[in-house]
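Enquirer: What shape does this take:
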Amino acid sequence: MSCDFHLTADDAARDPYALDIDPERAGWGHSSLRVLNLPPGGRHAFATGDSEWIVLPLAGGCTVRTGTGETFELTGRESVFSGVTDFAYVPRDAQVQLTTDAGGRFALTGARCTRSLPARYGPASDVPVELRGTGNCSRQVNNFGAAGAFDCDKLIAVEVLTPGGNWSSYPPHKHDTCRPGEESELEEIYYFEIAAAHGTEGVGYQRVTPSGHGRGTDVLAEVRSGDAVLIPDGWHGPSIAAPGHTMYYLNVMAGPGETREWLICDHPDHGWIRGTWPDQPVDPRLPLYAAPAGDAR
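Expert: All right, here's what the predicted structure looks like:
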């Protein structure tokens with residue numbers, strides 16, 4: 001089984017980023033993700049080029065400044081397991097600088113785009129927090145950059161938290177074919193962080209199976225914190241959290257469609273599971289946290 005689409009934390013690093021996936025490296029056309037670790041007092045500048053970006057704190061806070069004078073103070077969070085975060089959107093063809101007093105880890109989620117939209121601040125209080133599935137398919141979705149939740153040209157990005165022992169991205173689904181009103185064509189990146197427990201590093205598992213389109217992506221990966229899985233096509237799911245270890249993943253998606261939308265098709269062998277959900281309660285461990293009260297900004 002191919003592991004070409006599974007990047008370990010060591011594989012994915014490219015100075016100055018702990019993880020750096022762009023269309024050229026992925027061999028596709030649209031989606032990007034960078035993860036940046038900054039020490040106390042650290043700073044980093046980058047040009048957005050032909051892509052729009054969301055700066056998302058994973059741990060810690062930062063200040064985001066654009067070359068045209070906008071400044072956004074991001075409070076951030078202690079970790080992806082502790083709360084919803086605020087974020088900043090920066091458009092294509094811009095210069096951006098990140099600075100941090102206390103240090104931190106920051107995701108830059110990107111997508112090639114055509115429109116140049118205004119730079120904006122996204123308050124944590126505006127992030128829709130969704131509980132999806134029930135029973136051992138229960139998970140929490142932070143829809144900070146979902147279509148319909150925040151305006152972008154092409155970029156779609158969400159966070160998913162899965163309690164230990166649960167399956168998410170289930171039933172397996174795909175979005176690799178353009179079928180108006182039924183399915184979007186979207187490349188997708190999964191970036192993982194797994195909570196440690198009792199001094200033990202956490203692990204999870206990600207499955208992708210061929211759908212008959214594109215590259216025939218086929219992956220069964222044991223994932224750890226800092227790993228990523230690239231999904232240009234295929235039925236993806238489940239994402240399995242080992243018992244005792246909460247799994248976090250950041251999904252970044254973009255594609256060629258004129259309409260920015262997330263339309264999926266369930267695997268025909270497994271879609272029936274949705275019909276069992278009304279008969280089961282949502283996992284009582286969820287939500288892990290909710291969006292904070294309104295921000296005055």
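Enquirer: contact partners of the helix or strand that contains Gln206?
Expert: For Gln206, the element it lies in under DSSP states H and E is strand 204-209. With Cβ atoms under 8 Å, 6 or more residues apart in numbering as the test, strand 204-209 has contacts from 5-6, 162, 169, 172, 190, 192, 194, 217-224, 229, 231, 234-242, 245, 247. Quick note: C-beta positions are derived from backbone N, CA and C, even for glycine.
Enquirer: Show the buried residues in those.
Expert: Neighbour-count burial (16 or more other Cβ atoms under 10 Å) is assigned, among the contacts of strand 204-209, to 5-6, 162, 169, 172, 190, 192, 194, 217, 219, 221, 223, 229, 231, 234-242, 245, 247.
Enquirer: Check the burial of Ala18 by counting its neighbours.
Expert: Under the neighbour criterion other Cβ atoms under 10 Å, Ala18 is assigned a count of 18.
Enquirer: Quick check on it: phi, psi?
Expert: Per-residue torsions, Ala18: phi -70, psi -30 (degrees, to the nearest 10).
Enquirer: what about the residue lying closest to Gly29 once chain neighbours are set aside, distance to Glu78?
Expert: In space, and not counting its chain neighbours, Gly29 is closest to Pro23: 5.5 Å by Cβ to Cβ, 6 or more residues apart in numbering. Pro23 sits at a distance of 32 Å from Glu78 (criterion: Cβ to Cβ, to the nearest Å).
Enquirer: Those two - which one has more neighbours?
Expert: More neighbours surround Pro23 than the other of Pro23 and Glu78, with 18 against 13 (other Cβ under 10 Å).
Enquirer: how much space between that one and Leu33?
Expert: The separation that Pro23 has from Leu33, given Cβ to Cβ, amounts to 11 Å.
Enquirer: Kindly report the same for Glu258.
Expert: Applying Cβ to Cβ to Glu258 and Leu33 gives a distance of 23 Å.
Enquirer: So in terms of bridging, what pairs with Trp53?
Expert: Val90, Gly110 (DSSP bridges).
Enquirer: Could you list the low-pLDDT ranges of the stretch 151-297 of the chain?
Expert: 294-297 (pLDDT under 70).
Enquirer: ranges for the strands of it?
Expert: 156-162, 167-168, 173-174, 176-179, 183-185, 187-194, 204-209, 219-223, 228-231, 235-241, 247-254, 265-266 (DSSP state E, counting those that start in this stretch).
Enquirer: got the ones you listed as a markdown table, with distance to Thr71 columns?
Expert: Output for these, formatted as a markdown table (distance: least, Cβ to Cβ, whole Å):
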| stretch | distance to Thr71 |
| --- | --- |
| strand 156-162 | 22 |
| strand 167-168 | 36 |
| strand 173-174 | 39 |
| strand 176-179 | 39 |
| strand 183-185 | 34 |
| strand 187-194 | 27 |
| strand 204-209 | 37 |
| strand 219-223 | 36 |
| strand 228-231 | 30 |
| strand 235-241 | 36 |
| strand 247-254 | 25 |
| strand 265-266 | 42 |
